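> here is a sequence with its predicted model. Questions after.
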Amino acid sequence: MQFELKSAANSQELWLTGRFTFTDYASFRKLVGEVVETRVPKIVVDLSRVDFMDSAALGMLLLARDEASRRNQSLILRGAKGQVKRVLEVARFDSMFVMEN
Amino acid sequence: MRLVGEGINPKTVKRIALQGGFSSLDTIENVEQDDDLNDIVVLFIGTLDENHLLMELKKPRKACVELVSEYDDLSEKDIAFLTANDLTLAVRTETAVKVPISHVFATAILERLKVSQDQAIDLETVLHEAIFNAILHGNLEIESHGEDAPNYFQLLEEKVSNPSFGNRKIYASAKWDHEELLITVCDEGKGFSLNQDFYKDIMSEGYSGRGLYLIQALSDSFTLGKDGRSIEMRFRRS
């Protein structure tokens, strides 16, 4: 998994690339910690370049959402497709997150 | 079955073949791709990268087995998996953490079977979740991850580098007929008992516990082995 951070006016965009799985736990949490400390009102996690996601990654997204929420930030999931979209749907994440195409 | 080594002394392969009652090959190079026996078992030592493992599971191979050292023989468990299945991948836990073996094994199945794109997606997802459980809760004996275990990844790395955990094997195997594909994942841990709450975990917004839910939702059926070290997952072929 590779990560890239892009800054916008009122948001931070976290672009993920590759497979997002249990081996990414430490690096993803560290990155989320840095992003939430920027205090921007909106965080976008772009999943359009992620080609595989597992249940551990689902847990990491919930952790990120809750860390953002504690600082009154919103966290949005964007661009899910293929296997990633399928897993998010089956896990009912559409009712837990704001999702954008 | 015919055994061949990858990076292993041919004499070692011959010794292992003799011990198990199999034949051996010095190299696979002279075996044609259209060899329809599909009985070649590749033995290797030391973690191979993803592309190398993909190559070692291509037809006409039927299995790829990682050995801990040149002094190893095939275990009774190895032989049972090899003889009972059409395709088997058996690797040390350290390899299973470093290499996306669910992708490798799903790709090998899809080389041999025609399935829909949706079923291919579900197959790899289910396989990955079973392997993740086998690694974490099985061989590494780590009970939980998520908010209640923020140091879990450090624990995972520590245990993987400990040979008594890192050398335990993960088995992924598949067999099929015209009606069904059966995938089995097995570990060498203490045994896993099904969390009775796993059906309600999916909407609880907890940070872990979705693996078995995904397996249940995306396979046609699954069965946990009585010893808690294996899971069988079935897909209808239609």
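Structure received. Numbering: from 1, shown residues only, chains lettered A, B, ... in the order given.
> around chain B, pick out the residues from chain A.
Proximity of chain A to chain B is confined to A:19, A:21-23, A:25-26, A:29, A:52, A:54-56, A:58-60, A:62-63, A:82-83, A:86-87, A:90-92, A:95-96 under the rule CB under 8 Å from any CB of the partner chain. (C-beta placed from N, C-alpha, C; glycine too.)
> quick one, what contacts B:E50?
With contacts defined as CB atoms under 8 Å, 6 or more residues apart in numbering or on different chains, the neighbours of B:E50 are B:99-100, B:103-104.
> just checking: which of these also lie near chain A?
Among these, the ones lying near chain A by CB under 8 Å from any CB are B:100, B:103.
> select from the contacts of B:E50 every entry located in strands.
Secondary structure of the contacts of B:E50 is defined by DSSP state E; no position falls in strands.
> number of residues surrounding A:E4?
Residue crowding around A:E4 was assessed by other CB atoms under 10 Å in any protein chain shown; the count is 12.
> isn't it right up against A:Q12?
No: contact status for A:E4 versus A:Q12: not in contact, 11.2 Å apart, counting by CB atoms under 8 Å.
> out of the residues of chain A next to chain B, name the ones that lie in strands.
A:19, A:52.
> give me the buried entries from the residues of chain A next to chain B.
Among the residues of chain A next to chain B, those classed as buried by 16 or more other CB atoms under 10 Å in any protein chain shown are A:19, A:21-23, A:25, A:29, A:52, A:54-56, A:58-60, A:62-63, A:83, A:86-87, A:90-91, A:96.
> look up which residues are beta-bridged to the spatially most central residue of chain A.
Nearest to the mean C-alpha position of chain A, counting by CA atoms, centre = their mean, stands A:V45 at 3.8 Å. Here A:V45 sits in beta bridges with A:L14, A:L77, as judged by DSSP bridges.
> which residues does B:E124 contact?
With contacts taken as CB under 8 Å, 6+ apart, B:E124 has the following neighbours: A:52, A:83, B:102-103, B:106.
> ok, now B:T12?
B:T12 sits next to B:5, B:70 when contact means CB under 8 Å, 6+ apart.
> surely it is within a helix?
Yes: with DSSP: H, G, I helix; E, B strand; the rest coil as the criterion, B:T12 is part of a helix.
> where does chain A have low pLDDT?
Counting by pLDDT under 70, chain A has no low-confidence residues at all.
> biggest helix in it by residues?
Longest among the helix segments of chain A by residue count, using DSSP state H, is helix A:55-70.
> packing partners for that one?
Counting contacts by 3 or more CB pairs under 8 Å, 6 or more residues apart in numbering or on different chains; DSSP states H and E, helix A:55-70 packs against helix A:25-36, strand A:42-53, strand A:74-78, helix A:82-90, helix B:117-133, helix B:211-218.
> rerun at 10 Å
Other helices and strands packing on helix A:55-70, by 3 or more CB pairs under 10 Å, 6 or more residues apart in numbering or on different chains; DSSP states H and E, are strand A:11-20, helix A:25-36, strand A:42-53, strand A:74-78, helix A:82-90, helix B:117-133, helix B:211-218.
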